[in-house]
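K.L.:
The sequence isn't on hand, but the structure is:
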Ligand SMILES: Nc1ncnc2c1ncn2[C@@H]1O[C@H](COP(=O)(O)OP(=O)(O)OP(=O)(O)O)[C@@H](O)[C@H]1O
Ligand SMILES: CCCCCCCCCCCCC/C=C/[C@@H](O)[C@H](CO)NC(=O)CCCCC
Ligand SMILES: [Ca+2]
C-alpha cells in the first residue's frame, strides 16, 4: 500500500462532491470500523446517504486524521469510507493499522505535567477536555502529574523519574512551566553524562527525549513560535503524529556559576523591567504584562553598560545569512580582539532572541527571522532614544514595518555574548550592599531603587530569562545548538495549508 489512502472502487468516502479522498498515513490519528449508518459526520458536516446507497455499501470504517484550519490550527477530522464487501473493509482497517504501527517516531507513553495555576488557571480543564480524549483515541498511555508547587516538575525530572519508560514529556502551562521541564531534562542529561553545568565553555549533551507543549499560559511564545499558534488541540495533534523540531538553548552564567537556560528571550532593560513589575501583579492574570508594559514605557528607564559578542564558534567563522539585518554604524561599536565586537553605551533594551518570540501580542515576534535551531541568538540592542522613537520601535512589533530599521536599533546574530553593567563589577555585591561604590553613593542608589519617584533612572535592570528574573546583571551567554527537541515542525508554509487543507479529492 502506498503512504496515502486513495480509496477508489473498493472503499467510498461519504462526501457529496467527490468519490475519493486522499489522506497521508503520517496524518492519520486512528482508524476504526463503524456502523454503516445512513447519517455520519464527514469533513465536519453531517452527511446523509440515500437508502439505496446504504444498501449498496453496507460496511464502513472511519479514519480520524489531521485537518488544517485557518492560522496554523490543526483539527481532528473524521472521514467515513463505505465498502460493498465486509472483508475488504476489514482489510483496509488492518492495513491502515499496520501502516500506523510502522511509524516509529510516534509516542506511545507520555509523562504529562500540568501547572494548574498558569495563565488563566485553566491547565487542568484544557488537558482533560481537549487533550486527554485525543491521546486516548491515538492509544497513547499517559502518566499525569498535576504540580503542587513551583519547581515540582523540574525537580521530579531531575531526580525521580525513570525516563526510559517514556517517549516524551508534555507540559501543560506557559513558558515558565516549559522552562521548568527544560531545566529538569537538561540538568538530568548532563548529570547522567558527567558534564559540569557550571563551566560556561563546557559542551552540553543533547537531551534524548522530546518535549510537547500544551499551551495554557499567559504568553505561550515558545509554542506560538514553533507551531504557529497557541492552541491546545493543534499541539496535541503535533505530539500524536510524532513531529520533531530541534531547538537551540542559551546557557547563562555569572562568572563560573551556572544561572539558567533560555530558549526564547533574554531581555535586559525594558523587558526585564516589565517582568519585574508584572510579577507583583500576577493576580491580574495575562493582562499584567500590558499594564506593566505601559508603565515601563512611560518610566523610560535606560541603563549603561558594555555588551561584547561573537558570532564565532569552535574556531570556525559563522557563515550565516546576516543580510536581513540593518547594521548601524553611527554608534560607538568597535571591533576588539579578532572576533569579539564591543558595544558600550546607554540602552533602553538589550534583547537576545533565540527564536522569533512570536506570540499573540506580536505575531511576527521580537526577531521575525530568528532561526529555531542554527546555534545562534539574535542580539537586539536598542540605544537610549526619545519616548516617541521607542514607541515607534515597539509598535512595529505589531505591524509589517521593520522594527530594526531605526537608527537607534541594531541586531547581531551571535553565538556568545557578555554583558557588564556600568558602575558595578559585581552587581550582586552591590545589591547586597558590599560593592565597590562608597557608602554615600550606595545609599543614594538605594534611595533611587526604593523610591523611583525621585526621577533618576536606576543603575541596573534585571534580566528577563524566558519570563523569570535573574539575580545578576553581569552575565555570560552561550548558545548550544539543538540541545533539545520539541514535538513540533516549525511554522508550516501557507502553501501546505492550501494543498492539504482541503484534502484534495482525487
Ligand atoms: N503548582 C504550582 N503552584 C505554583 N506555581 C507553579 C506550580 N506549578 C508550576 N508553577 C510555576 O508557575 C509559573 C508560571 O507558570 P506558567 O508558565 O505555566 O504560566 P504563566 O506565567 O501564566 O505563563 P507564561 O510563562 O506563558 O507567561 C512557572 O514559573 C512555574 O514554575
Ligand atoms: C506600548 C505598547 C507597545 C506594544 C509592543 C508589543 C511588543 C511585544 C513583543 C512581545 C515580546 C514577547 C517576548 C516573550 C518573552 C517570553 O519569554 C516571556 C515568558 O513568557 N514573556 C514575558 O516576559 C512577557 C513580556 C511581555 C512584554 C509585552
Ligand atoms: Ca537560534
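P.N.:
Cool, the structure landed. Worth saying up front: this structure is predicted, and the values here are computed from it rather than measured. Ligands and ions are numbered 1, 2, ... in the order given.

K.L.:
Can you name the residues of this structure sitting close to ligand 1?
P.N.:
115-119, 147-152, 173-177, 180, 217-220, 467 (Cβ under 6 Å from any ligand atom). Every C-beta, even on glycine, is put in place using the N, C-alpha and C of the backbone.

K.L.:
and those residues, which of them are in strands?
P.N.:
residue 173 (DSSP state E).

K.L.:
Nearest to ligand 3 within the stretch 101-250 of the chain, name that residue for me.
P.N.:
residue 248 (4.1 Å; Cβ to the ion).

K.L.:
Quick one: the strands in the stretch 51-200 of the chain, in order.
P.N.:
59-68, 74-83, 109-114, 141-146, 168-173 (DSSP state E, counting those that start in this stretch).

K.L.:
Point out where the stretch 201-350 of the chain drops to low pLDDT.
P.N.:
313-338 (pLDDT under 70).

K.L.:
one step back: for the residue of the stretch 101-250 of the chain closest to ligand 3, list the residues it contacts.
P.N.:
263, 354-355, 371-377, 479-483 (Cβ atoms under 8 Å, 6 or more residues apart in numbering).

K.L.:
touching ligand 3 at all, the longest strand along the chain?
P.N.:
When the chain is parsed with DSSP E, its longest strand is strand 340-353. No. Residues of strand 340-353 contacting ligand 3 under Cβ under 5 Å from the ion: none, with a closest distance of 8.2 Å.

K.L.:
partner strands of that strand, parallel or antiparallel?
P.N.:
strand 265-269 (antiparallel), strand 303-310 (antiparallel), strand 333-336 (antiparallel), strand 377-383 (antiparallel) (DSSP bridges).

K.L.:
what about that strand, near ligand 2?
P.N.:
No. Strand 340-353 is not in contact with ligand 2 by Cβ under 6 Å from any ligand atom; minimum separation 7.8 Å.

K.L.:
gap between that strand and the chain center?
P.N.:
Distance of strand 340-353 from the chain centroid (Cα atoms, centre = their mean, to the nearest Å) equals 24 Å.

K.L.:
what comes up buried for it?
P.N.:
340, 341, 343, 344, 345, 347, 348, 349, 350, 351, 352, 353 (16 or more other Cβ atoms under 10 Å).

K.L.:
that older thread, so of the strands of the stretch 51-200 of the chain, which one's packed in deepest?
P.N.:
A comparison of the strands of the stretch 51-200 of the chain by mean neighbour count, using mean count of other Cβ atoms under 10 Å, puts strand 168-173 on top with a mean of 27.

K.L.:
That strand pairs with which strands, parallel or anti?
P.N.:
Here strand 168-173 is paired, per DSSP bridges, with strand 109-114 (parallel), strand 210-215 (parallel).

K.L.:
which residues touch it?
P.N.:
Strand 168-173 is contacted by residues 107, 110-115, 118-119, 123-124, 126-127, 131, 142, 153, 157, 177-178, 180-181, 185, 209-214, 216-217, 239, 487 when judged by Cβ under 8 Å, 6+ apart.

K.L.:
please redo it, this time with the cut-off set to 6 Å
P.N.:
107, 110-115, 118, 123, 127, 177-178, 181, 210-214, 216-217 (Cβ atoms under 6 Å, 6 or more residues apart in numbering).

K.L.:
where in this structure is pLDDT low?
P.N.:
Checking the chain against pLDDT under 70 turns up 1-20, 37-53, 313-338, 424-456, 495-506.

K.L.:
centroid residue for it?
P.N.:
residue 222 (1.5 Å; Cα atoms, centre = their mean).

K.L.:
By neighbour count, which of the contacts of residue 248 wins?
P.N.:
residue 377 (32 neighbours; other Cβ atoms under 10 Å).

K.L.:
for residue 296, helix, strand, or coil?
P.N.:
Here residue 296 is recorded as helix under DSSP: H, G, I helix; E, B strand; the rest coil.

K.L.:
again, but for the one 5 residues further on
P.N.:
Local secondary structure at residue 301 is given as coil here, using three-state DSSP.

K.L.:
thinking it is in contact with residue 457, fair?
P.N.:
Yes. At 4.8 Å, residue 301 counts as touching residue 457 under the criterion of Cβ atoms under 6 Å.

K.L.:
the more surrounded of these two?
P.N.:
More crowded of residue 301 and residue 457, by other Cβ under 10 Å: residue 301, with 19 against 15.

K.L.:
show me the contacts for the more buried one.
P.N.:
Applying Cβ under 6 Å, 6+ apart, we find residue 301 in contact with 273, 457.

K.L.:
hmm, 7 Å instead?
P.N.:
By Cβ atoms under 7 Å, 6 or more residues apart in numbering, residue 301 lies in contact with 269, 273, 457, 458, 461.

K.L.:
Report whether the expected contact of residue 378 with residue 368 is present.
P.N.:
No. Between residue 378 and residue 368 there is no contact under Cβ atoms under 7 Å: 9.5 Å.

K.L.:
more crowded one of those two?
P.N.:
Using other Cβ under 10 Å, the more surrounded residue of residue 378 and residue 368 is residue 378, with 26 against 19.

K.L.:
before we move on, which element is the closest residue to that one other than its chain neighbours in?
P.N.:
What sits nearest to residue 378 in space, not counting adjacent residues and going by Cβ to Cβ, 6 or more residues apart in numbering, is residue 367, at 4.0 Å. In the assignment (DSSP states H and E), residue 367 maps to no helix and no strand.

K.L.:
For residue 205, what are phi and psi?
P.N.:
phi -90, psi 130 (degrees, to the nearest 10).

K.L.:
show me where the stretch 351-500 of the chain has strands.
P.N.:
Using DSSP E, counting those that start in this stretch, strands in the stretch 351-500 of the chain cover 377-383, 409-414, 416-421, 463-465, 468-469, 475-486.

K.L.:
For this protein, what lies in contact range of ligand 3?
P.N.:
So the chain meets ligand 3 at 248, 354, 371, 374 (Cβ under 5 Å from the ion).

K.L.:
State which helix of the chain is the longest.
P.N.:
The single longest helix within the chain, with elements called by DSSP state H, is helix 175-193.

K.L.:
Which strands and helices lie in contact with it?
P.N.:
Judged by 3 or more Cβ pairs under 7 Å, 6 or more residues apart in numbering; DSSP states H and E, the packing partners of helix 175-193 are helix 152-155, strand 168-173, helix 221-227, strand 257-262, strand 475-486.

K.L.:
distance between stretch 297-306 and the chain's centre?
P.N.:
For stretch 297-306, the distance to the chain centre is 28 Å (Cα atoms, centre = their mean).

K.L.:
So is it next to ligand 2?
P.N.:
Yes. Stretch 297-306 comes into contact with ligand 2 (Cβ under 6 Å from any ligand atom), by way of residue 297.

K.L.:
Figure out the length between the terminal residues of that stretch.
P.N.:
Start-to-end span of stretch 297-306 (Cα to Cα, to the nearest Å) is 22 Å.

K.L.:
Next, the buried residues of it.
P.N.:
The neighbour-count check on stretch 297-306 (16+ other Cβ under 10 Å) flags 297, 299, 301, 302, 303, 305 as buried.

K.L.:
who wins for proximity to residue 94 among the helices and strands packed on helix 175-193?
P.N.:
Minimum separation from residue 94 across those (Cβ to Cβ) falls at strand 168-173, 27.1 Å.

K.L.:
Good, wrapping up.
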